[in-house]
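A.B. asks: sequence and predicted model, in that order:
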Amino acid sequence: MQRYSGFGLVKHALSHHEHWQKVWRSPEPKKEYDVIIVGGGGHGLATAYYLAKEHGITNIAVIEKGWLGGGNTARNTTIVRSNYLWDESAALYEHSMKLWEGLSQDLNYNVMFSQRGVLNLGHTLQDMRDIQRRVNANRLQGIDGEVLDTQQVQDLVPAMDCSASTRYPVLGASWQPRGGVARHDAVAWGFARGADSLGVDLIQQTEVTGFRKQDGAIVGVETSRGFIGAKRVGVVTAGNSGVMAEKAGFRLPLESHPLQALVSEPLKPILDTVVMSNHVHGYVSQSDKGDLVIGAGIDGYVGYGQRGSYPTIEHTVQAIIELFPIFSRVRMNRQWGGIVDTCPDACPIISKTPVKGLFFNCGWGTGGFKATPGSGNIFAWTLAKGRAHPLAEPFAYDRFNSGKLIDEHGAAGVAH
Amino acid sequence: MSDATTLDPQAVTDADAATRSQTSVIDQRPALDVHLQTARSPLAHLFTARADANAGVVLEEKAFLGHLMLRGDPAQSGFAEAVEVALGLALPLTSSTLNLNDAGVSIQWLAPDEWLIIVPGEEAFAFEQALHEQLSGRYQVVNVSGGQTVVSLSGAQARQVLMKSTPTDVHPRAFPVGRGVPAVFAKATLILRHVSAKEGESEFELVIRRSFADYLGRWLLDASEEFGVCIKA
Amino acid sequence: MTETRTPSRRTSSGGRINRETSLNFTFNGKRYQGLAGDTLASALMANGVDVLNASFKYARPRGLVAAGAEEPNAILQLGSTESGQVPNVRATQQALYDGLEAHAVSGWVKSQKDLMSRFLPQVGKLGGKFMPPGFYYKTFMAPASLWMTYEKYIRKAAGLGRSPLENDPDIYDHLHQHTDVLVIGSGPAGLLAALVAARSGARVILCDEQEELGGSLLSMSGDCLDQTLDGQPASEWRDAVLAELAACDDVLLLPRTTANGYHDHNFVTLHERRTEHQADIAPVNSRGARQARSRLHRVRAHRVIMATGAHERPLVYSHNDVPGNMIAGAVTTYLTRFGVAAGDKLVLSVNNDHAYRAALAWKAAGRDVVAIADARSAPSGALVEAARAAGIRIITGAAVIEARGDRRVTGARVAAIDIDGFKVTGEVEELVCDTIASSGGYSPVVHLAAHTGARPVWSDEVHGFLPALGAPMLKGFDACGAANGSFSLEDVLVAAYASGVAAVEACEYPVADTIVPAVSALVEAPMLPLYQVPHDKPTARAPKQFVDLQNDVTAAGIELATREGFESIEHVKRYTAMGFGTDQGKLGNVNGMAVAARCLGQTIPDTGTTVFRPNYTPVTFGAIVGRHCGALFDPMRYTAMQEWHVAQGAKFEDVGQWKRPWYYPQGSEDMHAAVERECLAVREKVGVLDASTLGKIDITGRDAREFLNRIYTNAWAKLAVGKARYGLMCHDDGMVMDDGVTTCLAEDHFLMTTTTGGAAAILEWMELWHQTEWPELDVQMTSVTDHWATLTVTGPEARALVGELTDIDLDRDNFKFMEVREGMIADIPGRIFRISFTGELSYELNVPANYGQYVWETLFAKGEKYGLTPYGTETMHVLRAEKGFIIVGQDTDGSMTPEDLGMQWCVGYNKPYSWIGKRALTRPDTRRDDRKQMIGLIPRRKKAGDERIVLQEGAQIVFDPDHAIPMPMVGHVTSSYYSPTLGHGFALAVVKGGSARIGETVFLPQADGSTLEAEITAPVFYDKKGARQNV
Amino acid sequence: MMHIFCPYCGELREEEEFHAKGQAHIERPIEPEACSDAEWGDYLFFRNNPRGIHHELWIHAVGCRKYFNITRHTVTYEILETYRMGEQPGITAETLAAEQLAQSAAASAASSTTQQTGDARP
């Protein structure tokens, strides 16, 4: 792998950038792999990377029906945090957070992870109880966090209206300083480049159309380019997980919904942290390019159209203007939608399935981006060992039969 | 949810008609003098009289009317007839229609099994009793007079105010006199009815829930501001 | 005084400007004058202002390129006051008004001193040689700890304009529109389609983003090359059509209105700029009332006709970004519409006939056309002949390969080129000029048609993308004119007529007689596809050839991206940022795809398609919000007693949309003092709570009782008439969702109460079960939440006080606990429920809400001698917690079963019907012994003053406080208060296996590192036998 | 932003008047106690999640407050039909596939399958 550095960049500039290597190969698929990852988004690519790097399994293919990182990885609002309520999810996201903290150096690819802090605002007494509960839990889980009062919030975000005269005044917030944002495309590309350099075959524009089983165990996948054999298969297809499960012959407790987001035109720096409000329902940060990146709500119907309903956008913009009335004259540049696979308890499924050797990693709902490295890391472990990583154990899909849900709806609210 | 099929209403009716279901009905209107001295309408604090001869919008709260919710299955034999006898008005069976008369009585289709009846306030109990007397089988009559108020919206710009507020199509071709629907209105909901059109000028009635009255009243005043507002008190 | 400067660029005549009315404006603090009818762009051009910005990444000077929505460079900050600031205004779409103040937005220029001196001293000078695409991904990685510092400077350099720092003084609104036919674009296509629809009696909306309706007809030069319609000059035909449309009742004409988003099922958002052309801040209307600065029309259309025209593509050649490089059509528009020439000496570089108009108009304005470089070897056609006839030099088979100049074009390098071989074939000729106009063909404006996911389709005939008409996401959607690839006026009108007729027929109106106007002939020869012009050096070494001007994306950058393996066009776009600017790649996307296709050795359609998202052009948040902001952001729901609460100085708590009195401070009391006083008043004398917000549902029918049996966890079969009972509701997963008291008013008549927040959801929930699973049950439900005002009178003196108001016999034996009576209350008919949420003797008075405030006031008139005290939700919470009564949503969180709450007494295990939630209680996880269970906690007191310890709500509970982090948590505090009655703090909490641990000590680690201790108790702290409510 | 035909009001109304309520035709087991934990879990949580034709339960919340069913395409968002509680869909993935087969067999011109009744005109 060609290493990246400032020095290298200068060298290439002097030769008119004519000698940069390909960041990844475009290989022909082999007949068989030890592991096939279905889905070349951030999670799938991270899984392949960690399988190769940490488990020494390099005979791996990542099969992607479109282009790498083209699904939710390319469509989210890039927020990273780990201040979840329940031990199981907090441990999962904190595992991911720790990986984020060294990711650029590990990948030799700057994913622009900006630990500018994440505020979750409270607007009602119950919001504040929930915030206290979550921050108290986080501290005992070993996750950074504190509860801020209105004035402390105002000091962090001067642009926000923290006065008592708003419809739902800001009563306080939780504050996770280590949270922040990252450059979403770079995460996919960094993992792809890393995986490729370890020998992983990244096979784009190839659709998995079915799963071949023998005696209840997986033996490979049918694709638009023919059958490819595999000893183990990991499916990491986010919004399409339900469709993949159907092809494999079972159902999952998932629904795929539209989740929308929007950006303003680029502005000079005005917002230095990530601001999330469950109650008025909006969240916003400012990208390095200057756009306000704003997450909208989830639509109530199943939708694979990568678009949602307009009133959802309206409600979100109203929420942003309620919080930041000074943005009234700022313009919305673009809106888009992703397809999020949501579980009834707002937690993922990282699990074996009724088919031996076939594993699913899905159900991340609105929270997938921040989990990318952690999800890939523990799913790689799970695929390598053929059993759930300890952190993945609580996230088996049969929890929906036993009732052992990890209900993040209550406290995480806008679980982004 | 499930595919449970609707029961044959006729079968239900015959069995039900034998015994009348037992409900508690009370006259909820105090004596007239008490009413006059004590009642406070949901918009009394907001809709104080405002004169403007050139106003494009005219607002008036029609307070203290009798509001009755009627539920029942019109396929039950005698149901429609019973309602007509009790009210002196035909039960609208077509969706989103409103029947009204000069005696200040109206009945509006809200759902295949639900109607809004508005009557003069002091007559609410009489009508409620009449309905109970006439109806049998599966039905419900509930007095909700305290929970609702009516705002009359008229003036040359009335339709513009509605267009600012509701995604319901209020063009005369789509919303003629005699039509009424529940509607999304600003961030609340209400029941919108087109009650008359004289010399091309329409009067709409907005049936508003009490707790939303302040919000909707402020919304209406704000939406009307550019046209000039006259408030009849 | 205004600094005057002769506008040398202004032509002597022509255009749609008013030469009599001059308007003052400033740019970067310098004063200028323009004319009424100018855009800010045309006025700047007329004043010879060439450089409007420095580019985003490379800090290169940039000027006007286009005349419309596609302009990438002329993005300015407007506003003469702080609150009137408008960031990122496209000068080409901003009408000039008197007093307008504009500034460049370039961030780099201002901040480059910071960045340059620290990191990259040579970046600016070398024009970004060290900033290829992917630059950030490859650098700034070491040391890791410095990234946040690097980022600070990167952020400073980015961004266009700035947000205002003061609140917007303007208002915005929405209009909900419904129409038969929405026509977007008012050029010849839009006008004719609208006319056909209007004459047929359809409801029609015609909108156009420009200041005036007419589209391309506005840029007709008025000379012999203009085509006539039915023998009329185009402008006269336009005027006649518009006059006819304006006279129709059901036709709405909306100039200055952009269709920004096309959504499912023909829902379209139109953004109408109502006063932006007049001032920074909207002037008042003729009534002196405030009017909306802009308005968003939310249109539901039966048919949509997209007649949005086409955007001209520039050619991609070296230094094509130097001010003075423009697209040919813009040069024409500035001349014919605004009477401004972009310069004096023009070189035109084209691959089609249509663009020749620029040279002809230039010449007609008395300016010098140096040459036309036409990539075609043998151009022909009427316009070409006209140019020849005018003596203009035409260099065939050639193109401008490079512009000369720094802050303004000073010359053009022209050479013969071989398009297929992608090389320069002849000698390079240096031409002296100050303006280079180029045209690489026309891209239909298909954006709206792509918003619902119908991907545009490449046409080899049009050399552009066409809307995917017929796609399922485009039902009822049509396109005509240039937007659908028809470029000649004859074709446009024929297509527009057909679209109009199809729309009318779809709306089932009889089609009115309209004939397609006859058009005078004008023959144009076919274009020759050309996107990136070859240079005498290879792309990587040639001077920069810009594809996306706003984001500084070059052909070399795209080439590099493909070299690095970014082969999907989506990867190319994301890696280079092409098309991600505020112009969304209107000028550059097709050219960029062509460059990528060339590098990858494939065709444009093989390379991908181009996806567009709303908005077509950016829309202010204010317009999207409309009036849903400030005091109207969200409804505030009030009870009938609101005016009294406000008059008494109550503090309010938000509960859902309700404003509920939280506490009533007296004098300088803080909340704690007020709540202690209110609590003691209730325990010792009598208090009153406004409980009107509780949900109330009137339930009747012969099966009402059975229905309650199925919906509630507990049994209802034996509840006698006149009796009330507490009930608990679960989801079918066994988790508690709501609770309340339901009363049997008659054998088939119940009044249910729900939580304040749950009211609407519970009614919908019950309707769900009734409508879908149990339609056979004879039960009817109607909400009466707003109908009844509810006054909870509670405390030892409650009977005496209420007795003064009512004729109902309150005798303890005649009117027992958990019973209801009907009667008069302060002369108002109503009901009294003897139920208690405080543990004290309580009467809940229900009266019709119109009389609520009167009864409340009467209560106070009689209540003084009893020490009647109003109390709010905070006191209510303390009192109920002392009794161990839960609040759903505070003490439960969606993971608590009735058993977890210790409410087995409220579970009908033996009811015949398997009620909602029952089955789930026997799942393995809900049967666990170590589930979190509701218990009480009393803080351990170790010293004087510790009785004031109040555990924090949300505090986590552990068994072993010395355990290392992560420390196992076994529960948390859900409700916690100081009890003035008990004289110490107490709490409700959930603890794993807690009900078997009564008396044990648990620990609560605090944020400051200390640890509190508490004893687990039963969750009832006061009057454990419940004697007081039964007195 | 969908335009939805309410089969009870008999009219097309704006999506803002409706709420989606998940998959249609889920029957609560008649004897819950006889269900295994897996069967109960399946009833509670496991859902069809098709990329294509889906039968959904909606409520006309700001309107007649009736629950009803929609057959909708989850990619194009086309509403193929709406029908009342207790009724079965007339269009399913299977009928559409059969129709397509028949159409291609007959090699006839494609005709629209949309049957969202009512006139969309305002």
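C.D. replies: Sure thing, it's come through. What you see is a predicted model; the values in this text were computed from it and never measured.

A.B. asks: can you pull the pLDDT of the residue nearest to residue A:168 when sequence neighbours are not counted?
C.D. replies: Once flanking residues are discounted, residue A:168 sits nearest to residue A:123: 4.0 Å by C-beta to C-beta, 6 or more residues apart in numbering or on different chains. Bear in mind the C-beta positions are built from the backbone N, C-alpha and C, glycine included. Reported pLDDT at residue A:123 in the predicted model: 97.

A.B. asks: just the strands from chain D, written as ranges.
C.D. replies: For chain D, applying DSSP state E gives strands covering D:3-6, D:11-14, D:19-23, D:53-59, D:67-73, D:79-84.

A.B. asks: for chain D, what are the nearby residues on the stretch 801-950 of chain C?
C.D. replies: For the stretch 801-950 of chain C, the contact set with chain D under C-beta under 8 Å from any C-beta of the partner chain comprises C:914, C:918-920, C:922-924.

A.B. asks: among those residues, name the buried ones.
C.D. replies: C:914, C:918-920, C:923 (16 or more other C-beta atoms under 10 Å in any protein chain shown).

A.B. asks: still on that earlier bit, for the residue nearest to residue A:168, what are its contacts?
C.D. replies: For residue A:123, the contact set (C-beta atoms under 8 Å, 6 or more residues apart in numbering or on different chains) comprises A:168-171, A:277, A:279-280, C:654.

A.B. asks: what does residue C:823 give?
C.D. replies: Taking C-beta under 8 Å, 6+ apart, we find residue C:823 in contact with C:806-808, C:829-832.

A.B. asks: up against chain C, what does the stretch 251-400 of chain A have?
C.D. replies: With C-beta under 8 Å from any C-beta as the criterion, the stretch 251-400 of chain A meets chain C at residues A:264-270, A:280, A:286, A:288-290, A:305-307, A:309-310, A:313-314, A:317-318, A:320-322, A:325-336, A:399.

A.B. asks: which of these are buried?
C.D. replies: Neighbour counting by 16+ other C-beta under 10 Å classes A:264-270, A:280, A:286, A:288-290, A:305-307, A:309-310, A:313-314, A:317-318, A:320-322, A:325-336, A:399 among those as buried.

A.B. asks: can you list the residues of the stretch 801-950 of chain C next to chain D in TSV and add distance to residue B:190 and secondary structure?
C.D. replies: Converted to TSV, these look like this (distance: C-beta to C-beta, whole Å; DSSP: H, G, I helix; E, B strand; the rest coil):
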residue	distance to residue B:190	secondary structure
C:914	39	coil
C:918	39	coil
C:919	40	helix
C:920	38	helix
C:922	45	helix
C:923	43	coil
C:924	48	coil
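
A.B. asks: so which of those residues is the closest to residue A:374?
C.D. replies: If you rank these by distance to residue A:374 using C-beta to C-beta, residue C:924 comes first, at 28.0 Å.

A.B. asks: does that closest one touch residue A:402 like I think?
C.D. replies: Yes. Counting by C-beta atoms under 8 Å, residue C:924 does reach residue A:402; the two are 4.5 Å apart.

A.B. asks: okay, and the common contacts of the two?
C.D. replies: residue D:37.

A.B. asks: I'd assumed residue C:326 was in a strand, is it?
C.D. replies: Yes. Using DSSP: H, G, I helix; E, B strand; the rest coil, the secondary structure at residue C:326 is a strand.

A.B. asks: what's downstream of whichever strand or helix holds residue B:180, the next helix or strand?
C.D. replies: Using DSSP states H and E, residue B:180 falls within strand B:180-185. Once the chain leaves strand B:180-185, the next helix or strand it forms, by DSSP H and E, is strand B:188-198.

A.B. asks: so is that following strand next to chain C?
C.D. replies: Yes. Using C-beta under 8 Å from any C-beta, strand B:188-198 reaches chain C at residue B:188.

A.B. asks: mind giving me the packing neighbours of that strand?
C.D. replies: Applying 3 or more C-beta pairs under 8 Å, 6 or more residues apart in numbering or on different chains; DSSP states H and E, one finds that strand B:188-198 contacts strand B:98-100, strand B:106-111, strand B:180-185, strand B:201-209, helix B:213-224.

A.B. asks: which element follows the last one toward the C-terminus?
C.D. replies: Sequence-wise, the next helix or strand beyond helix B:213-224 is strand B:229-232, with elements assigned using DSSP H and E.

A.B. asks: buried residues, stretch B:124-141. List them.
C.D. replies: Here stretch B:124-141 shows B:124-125, B:127-128, B:130-132, B:134-141 as buried, counting by 16+ other C-beta under 10 Å.

A.B. asks: element containing residue 189, please.
C.D. replies: Just so you know, I chose chain A. Assigned by DSSP H and E, residue A:189 falls within helix A:184-197.

A.B. asks: please go with chain C instead
C.D. replies: Secondary structure from DSSP H and E places residue C:189 in helix C:188-199.

A.B. asks: just the C-alpha atoms of that helix, please, in PDB.
C.D. replies: Output of helix C:188-199 as PDB, limited to C-alpha atoms (Å, rounded to 0.1, in the frame of the first residue of the first chain):
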ATOM      1  CA  PRO C 188     -42.900  29.400 -24.900                       C
ATOM      2  CA  ALA C 189     -43.600  25.800 -23.900                       C
ATOM      3  CA  GLY C 190     -45.000  26.700 -20.500                       C
ATOM      4  CA  LEU C 191     -47.100  29.600 -21.800                       C
ATOM      5  CA  LEU C 192     -48.700  27.500 -24.500                       C
ATOM      6  CA  ALA C 193     -49.300  24.500 -22.200                       C
ATOM      7  CA  ALA C 194     -50.900  26.800 -19.600                       C
ATOM      8  CA  LEU C 195     -53.000  28.400 -22.200                       C
ATOM      9  CA  VAL C 196     -54.400  25.200 -23.500                       C
ATOM     10  CA  ALA C 197     -55.300  24.100 -19.900                       C
ATOM     11  CA  ALA C 198     -56.700  27.500 -18.900                       C
ATOM     12  CA  ARG C 199     -58.900  27.800 -22.000                       C
END
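
A.B. asks: just checking, what packs against it?
C.D. replies: Secondary elements touching helix C:188-199 (3+ C-beta pairs under 8 Å, 6+ apart): strand C:171-184, strand C:204-207, helix C:234-246, strand C:292-306, helix C:489-506.

A.B. asks: how about 6 Å then?
C.D. replies: Using 3 or more C-beta pairs under 6 Å, 6 or more residues apart in numbering or on different chains; DSSP states H and E, the elements in contact with helix C:188-199 are strand C:171-184, strand C:204-207, helix C:234-246, helix C:489-506.

A.B. asks: starting at the chain centroid, how far to it?
C.D. replies: How far helix C:188-199 lies from its chain's middle: 32 Å, per C-alpha atoms, centre = their mean, to the nearest Å.

A.B. asks: tell me the residue of the stretch 1-150 of chain C that sits nearest chain A?
C.D. replies: Nearest residue of the stretch 1-150 of chain C to chain A, counting by C-beta to the nearest C-beta: residue C:138, 3.8 Å away.

A.B. asks: number of nearby residues for that residue?
C.D. replies: 21 (other C-beta atoms under 10 Å in any protein chain shown).

A.B. asks: dump the residue contacts of it.
C.D. replies: By C-beta atoms under 6 Å, 6 or more residues apart in numbering or on different chains, the contact list for residue C:138 reads A:4, A:9.

A.B. asks: do you know the pLDDT at it?
C.D. replies: Note for residue C:138: predicted pLDDT of 90.

A.B. asks: chain C contacts on chain D?
C.D. replies: Residues of chain D lying close to chain C by C-beta under 6 Å from any C-beta of the partner chain are D:1-3, D:28, D:32-33, D:37, D:40, D:44, D:67, D:76-78, D:85, D:120-122.

A.B. asks: recalculate using a threshold of 8 Å.
C.D. replies: Counting by C-beta under 8 Å from any C-beta, chain D sits next to chain C at D:1-3, D:14, D:21, D:28, D:31-33, D:35, D:37, D:40-41, D:43-44, D:57, D:59, D:61, D:65-67, D:73, D:75-79, D:85-86, D:114, D:119-122.
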